[in-house]
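Novice: Any chance you can model this:
(chains A and B)
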Amino acid sequence: MSFDRRDFLKQGLGSFAGLALADLLMRDGIVHAAPKPSTIQHHPPRAKRVVQLFMAGAASHIDMFDHKPLLDKKDGEPWDPGESVELFQSQPGACFASPWKFRPYGESGKMLSEIVAPLGKVADDMAFIHNLVGKTGVHSQATLLQTTGFNFPGFPSAGSWISYGLGSDSDNLPTFVVLPDHRGFASNGAKNWSGAFLAAEHQGTVIRPGNEKPIADLFPPPSDFITPGSDKAGLAALEKINRAYAAERPDDDRLTARVRSYQLAAAMQLSATDVLDLSSEPQHIQDLYGLAPEGPGVDDTVMNVKAETEFFGRKCLVARRLLERGIRFVQIWSGNDNSHPRRNWDSHEDVPRDHPPLSLGMAHGTAALIQDLKQRGMLDDTIILWTTEFGRMPCSQGSTGRDHNPFTFTNWLCGGGIKGGTYGESDEWGFKPLDRNHPTEVYDIHATILHLLGIDHTRLTVRHNGIDRRLTDVHGHVLENMLA
Amino acid sequence: MLLRFSIALGTMAMLLRAAICAQADEPVNFETEIAPIFVQHCVRCHSPENKKGELSLATFNDLKANEYVVPGQPEESYLLEVVSPVDGEPPAMPKEGDPLSANEVALLHRWISAGADWPDEVRLEPPVVSDLNWWSLKPIVLPPIPQVNASHPIDAFINAKLAQQKLVPMETADPLILIRRVTFDLTGLPPTPEEIDAFVEENNANPEKAWSALVGRLLESPAFGEKWARHWLDVARYAETHGYDKDKLRLNAWPYRDYVIRSFNDDKPYTRFVEEQIAGDVLFSDEPDGVLGLGFLAAGPWDFIGHWEVGEAKLDGRIAKHLDRDEMISAVFNVFMSTTIQCAQCHHHKFDPLRMEDYYRLHAVFAAVDRADRIYDGLSPEDQRQRQSLLAEINALQDEQERLNTRSQRTVAAGVSGIDRRIAQLSSEFGTTPQPQYGYHSQIEKTPSVAKWVQVDLGEPQPIKQINLIPAFDTFNDIGAGFGFPVRYRVEGSNDPSFANGDVQLLLDATDTDQKNPLAHSVAIETEDTASRYLRVTATKLAQRRDDFIFALGELQAIHAETGENVALKADVTALDSIESGERWGRRNLTDGIYYKEVSNPEAAQELAELKSKRAAIVRKLKPPEVDERLAEIKQSLQPLSAKFKQLPAGELVYAATTHFPRGSRFVATQGKPRPIHFLHRGDMKAPGERMFPGAPILWNDAAQEFFDQPDYNEGEARAQLARYLTDRNNPLLWRSIANRIWQWTFGAPLVGTPNDFGRMGMQPTHPELLDYLAVRLRDDPDQSLKSLVRLLMTSQAYRRAGTFHEANAAADAGNAFLWRFQRRRLTAEEFRDSFLFVAGALQLDQRGGPSFQDFVIEKPAHSPHYEYHLHDPEDPAAHRRSIYRFVVRSQPQPMLTTLDCPDPSISAPYRDESTTALQALTQWNNRLVEVMSRRFAERLEQEAPADIDGRIDYACRIAFGRTPTESEREVMAELLNSQGSAMLGRVLMNASPFIYVE
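Specialist: Predicted structure coming up:
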């Protein structure tokens, strides 16, 4: 026999949830599995939570956010940046103008490309960094650098650090939630949201909106002996046994924490079900995020804008609901690892074919998220960070592809005490930072985010294998001029 | 700067006044008075190697250039501002360490006033920590055993401390608790009811004898190695995929895992165990374990893309290689030496005597090795030699091939990319999709010299002005356009279908030389006044497919001299032979009007043809024929070599450190020749300094620092030297490190709280004498037996204490650092999984060693494997083995085990966390494997347990908890069993705290 979460919920939030609900109500709401970690804050925060949007495969800055008129002029001519260039996969081709037109948006007149046009509406809120530099042009290293601050594995994700520093603001949901691309994980997989040497509670929890089982093990598997009734009876018995065991050993609070963890799990069944139920969202909100009428099953045999908007928009809407419930850090992924046909941003072969659906889908969902947070008054204390491994080259690879550009690329931030504008320019090609001696690094962005959350990035440390580890390693400067 | 300075000036000036007045007249000596201040407070973070804030205090240049110091004008000198306190706030600098004293600030002030003299020749260096005056670096001497009332040496040490701390040791634990504890600690599994009964009985007769027999039996059990190898593999960061991008499988990693298990079970002397893992191939070249041990160096993550696709010709590839060596060095020093050598990459270690030079010397030790499959057994020495020499030959040729290709690709790409873009535009605008009706296709021949013909029947003789032969298109073997077009051929007309009469008219003769393949273009043959009924194309030299030969043609058109129409359309076709294969190939396809067109628009086609010929001309110019010729030669020489190589026996493989392996794309073996290693300023690959040679840090007085000082060193010998360095009996770290780990793996918590760091940033031992006692015992034991040490610890009273709470003790030592009681622990993730499989009767205990079981399904294995755990069938008995035999994936760790604190294998994990979260409750309660095992547990009860409720509950609890239930437990379980049955009882037991905790 098989039954799903609907069966559980139909039965008055039966079994697991129902059992604990009484208990929860009796205590007026809240239980903690572990003593709530005290918040590490060094100064009053401007923001409470973060959304990290990650474009897996490396999105092309010069085709989206960083307008380069010189490339239009030199299109097809040999590219000569005046120095030798070593690329990841190919040999440098000719100058390759962006296939899309740019036009000014907002009061600032920020030039944005056609494939991010939906973001034009919120252009004045966005703070662009066009002189971000990476360490290498290797996807895995670059992805880790953006997610963990180190270009090799073994370090906690930024979300884990923030979970560690700020603790939970939601008792019924994990602190750090990851919404992966439904087609697969980006390079390094779960390493990008690993808690590494921080406790397991700080690792990112994967939620798959639109999936049959959005959270692993949230509900019992199909079984011939588990029914809502038997589940409830089993949990009641378990609670009695574990409670008695804990009562006989009153000095060991791990044992009572374990009893509570089952109650918390019950609460999580309720909250998670609720947070993922988008049917309660009014139609105009669903439309704002571009959800397709046919839902997650929308046809994407060939990659297309409608489907990509549905995929990304749904994650953005779920993200907003998570943020409303106190989640500290939401990581949203666009694109999977390298596979064929291409379903990520790594447009070595064909930028005009592969970038538009992903980019327009992303821009639609992101613009909706920003506007929606704004209209709810939440943009003021929510930071949005858009990032990717690195940028792409101003010259062509093959005919219409672009190779990796770790020498300069774009990040942008928004909300949470950040002032719109452009901070840091790239050179006329979009090849390297305009001022090569003063580029921006990922450490600076992480330092700034921590700063806005009330944390001094040099003081959020954990000693591991004899070294006081930080998200920003031994680097990082707060980008002061970006602060509102 | 001036402005900021003037604001702060008032406060500072007041502070300084007193000091200045006192000594204002005395001259200042830079070298004896000023330089020490800079060296002590500044240079560590402001040197050419480590130029924080773009400032170096090595020489005067930066200070002067940035107006940090304006000679003669202290008020203008920013330096004084940043080192002085302002309004009671600590000064901005130094960021780390104590602020300068008022006296030191005053000295600086005077020095600047006096003109800030800094002799050119004086260059300041960061201070180096060189003193060995730290507990872990002091020589180990056997401490006296404390004279207290204890017969066991371990208890003597522990009890002495307890007495000192005024703590009361708790009583000996109940035998039921003891057997469960020791069985989990030594085997990772619960005891069976039979084992429990036997022990309790023996214990009643003679507790000491029973205990020592039990410990002995468990140490001899093969499960001991399976449990203790887990400890080692945790610190050795062992996993079976590369990690990073395209997380590929290491199908030959498991022999190292089995080697570790076997080493523990065989009680291999520790020196031998260490040496095998660093240089076993050199020191024990006759034995498989010599190579298997090298799995340690390779066990960590590896950047496949950085090595394989990028390669060392590029900076990114060299960075990947650098990180790779850094990973190995860190592992060696963290694991064997409990030392954080990796800190010395960008600067001298700030706290421990580790210089940057030491770090780069270690790079030189590992400069020739890579991670790849390596033969450890199953190959004769002669085969080995032959393999290596063939490999060397193949590698040399492939190197040249790669070089030539890269060079020509580079120039060609720059020259043709504009054209390529236009071609792509045309194709995307006017491109067509190939139709399935390809054309005519002859039978396949083994040689090219078989003549084949195909002909059309126009119905009656017709005046024809032009014949078009349109090549076929097939993606077979990536041939594409021009598929099967004959190399030599002729075209004839006749009115006799057999072409036997004299009226045969030769329309085109291309039989005397090889013709260039027309690819996507049609061949137009202008004919003058022919009026034949039959047109025939005869191939006299067939086209090559892969290893065989054919004749194929997409379409034949005959253009009427007057109407201009294609009169061959739908004409009957005959041929010498034809493969007539489905829709694609058939005689009638030759005249069906369907053929491959690259673009649909004739103007585009025209432009395309021009672009292509232009492109070909550029390529010809940029890629000289000599290059092509040489490339062809290389290809030809490689073929027989590769064939020969493939015929050699493969041998038994382990993924290990190695210097010889077949080239993989740009991943090339060094053949034992070390890569040149340079000192890197600030750890930056773009700032190399002098060449470094193998060596190691001086961490005890007579330690060897430089193993070699010439570039022609033997890499194997360098590793052997490092192995000897590590196992030197005077090395204080190695023995203390392993003694601490053995203690940790026995008692649950180590004596030094930071098992991977015994430096000044680490913790100090709670029982330094005890630690040294254990270290010496192990070192000086002729067998260097780890098992003896474990036996020693486990036969102490300290190990056998109850976990009883004691208020006064807890008030003084809540964390039980002094071991007044035994610390309750939760099962590790693997113990939990193994145990519920075990109590369900499903654990395949006899499936020991060999390739790992996979509890996931791999999707997209060819490119980037996706490890899908949820698709795996939890009923699959192949996966019901002990967790030590699980295939460990880096990018997608096992979800249940990860939730239960199974650590990330990307970095050495010296201890397990024990967190308690709601997600753990969810996974323990709802995981599919738990569900399956609950049913198995119920089946087991049906078969084995008494039928009555009490009997059944007793049986279940004895299996799961190692004891009968308490009265309250019995009551709860009876009700559950009655109402929900045995499977639900099983599920509850597997989630119950008495199952999950070890007392």
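Novice: CA only for contacts and neighbour counts going forward, please
Specialist: Fine.
Novice: Distance of A:Met362 relative to A:Ala158?
Specialist: Taking CA to CA, to the nearest Å as the measure, A:Met362 falls 22 Å from A:Ala158.
Novice: Could you list everything B:Arg801 pairs with in the sheet?
Specialist: Note on B:Arg801: beta-bridge partners B:Thr172, judged by DSSP bridges.
Novice: Retrieve the pLDDT associated with it.
Specialist: At B:Arg801, the predicted lDDT confidence score is 96.
Novice: B:Ile444 now?
Specialist: On pLDDT, B:Ile444 comes in at 92.
Novice: Equivalent analysis for B:Phe708, please.
Specialist: The model reports B:Phe708 with a pLDDT of 95.
Novice: Do I have it right that it meets B:Gly695?
Specialist: Yes: here B:Phe708 reaches B:Gly695: they are 7.0 Å apart, a contact under CA atoms under 8 Å.
Novice: More neighbours: which of the two?
Specialist: Applying other CA atoms under 10 Å in any protein chain shown to B:Phe708 and B:Gly695 shows that B:Gly695 carries more neighbours, namely 26 against 19.
Novice: What is the neighbour count of B:Asn216?
Specialist: In this structure residue B:216 is Gly, not Asn. Every residue meeting other CA under 10 Å relative to B:Gly216 is counted, giving 14.
Novice: before we move on, which element is A:Arg463 in?
Specialist: Of the helices and strands defined by DSSP states H and E, A:Arg463 is found in strand A:462-464.
Novice: Given that strand, what are its sheet partners and their directions?
Specialist: Strands flanking strand A:462-464 in the sheet, each with its direction: strand A:467-469 (antiparallel) (DSSP bridges).
Novice: got a list of contacts for the partner strand?
Specialist: The contact list for strand A:467-469, computed with CA atoms under 8 Å, 6 or more residues apart in numbering or on different chains, reads A:461-463, B:340, B:761.
Novice: switch the cut-off to 6 Å
Specialist: For strand A:467-469, contacts defined as CA atoms under 6 Å, 6 or more residues apart in numbering or on different chains pick out A:461-463.
Novice: Could you give the average pLDDT over it?
Specialist: For strand A:467-469, the mean pLDDT works out to 86.
Novice: Check which residues of that strand are buried.
Specialist: A:467, A:469 (16 or more other CA atoms under 10 Å in any protein chain shown).
Novice: ditto for stretch B:884-896
Specialist: Those buried within stretch B:884-896 under the rule 16+ other CA under 10 Å are B:884-894, B:896.
Novice: Then stretch B:190-208?
Specialist: Counting neighbours by 16+ other CA under 10 Å, stretch B:190-208 gives B:190-193, B:196, B:199-200, B:202-203 as buried.
Novice: and if you look at stretch A:258-277?
Specialist: Buried residues in stretch A:258-277, counted by 16+ other CA under 10 Å: A:258-273, A:275-276.
Novice: Of the residues you listed, which are in range of chain B?
Specialist: Applying CA under 6 Å from any CA of the partner chain to the buried residues of stretch A:258-277, one finds that A:261-262, A:264-265 fall near chain B.
Novice: what's the neighbour count on the nearest residue to B:Val454 once chain neighbours are set aside?
Specialist: Residue nearest to B:Val454 in three dimensions, not counting chain neighbours: B:Ala575, with 4.0 Å by CA to CA, 6 or more residues apart in numbering or on different chains. As a burial measure, the neighbour count of B:Ala575 was computed by other CA under 10 Å and equals 17.
Novice: Let me see the ranges of the helices in the stretch 151-300 of chain B.
Specialist: The residue ranges that make up the helices of the stretch 151-300 of chain B, judged by DSSP state H, counting those that start in this stretch, are B:153-165, B:175-187, B:193-205, B:207-220, B:222-235, B:254-265, B:270-283, B:288-292, B:295-298.
Novice: I meant the stretch 751-900 of chain B, not that one.
Specialist: Counting by DSSP H, counting those that start in this stretch, the helices of the stretch 751-900 of chain B are B:768-780, B:786-794, B:807-812, B:829-839, B:895-899.
Novice: Quick check: which element contains B:Tyr489?
Specialist: Residue-wise, B:Tyr489 maps onto strand B:488-494 under DSSP H and E.
Novice: give me every residue that touches A:Val305.
Specialist: Contacts of A:Val305 were listed using CA under 6 Å, 6+ apart, and they are A:357, A:361.
Novice: count of residues packed around the closest residue to chain B within chain A?
Specialist: When distances are taken as CA to the nearest CA, chain A reaches nearest to chain B at A:Ser399, 4.0 Å away. Burial measure for A:Ser399: 25 neighbouring residues, criterion other CA under 10 Å.
Novice: leaving aside the residues next to it on the chain, what's closest to it?
Specialist: Nearest residue to A:Ser399, sequence neighbours excluded (CA to CA, 6+ apart): B:Arg421, at 4.0 Å.
Novice: re earlier: any idea which of the contacts of strand A:467-469 has the most stuff around it?
Specialist: When the contacts of strand A:467-469 are compared by neighbour count (other CA under 10 Å), A:Thr461 ends up highest, at 18 neighbours.
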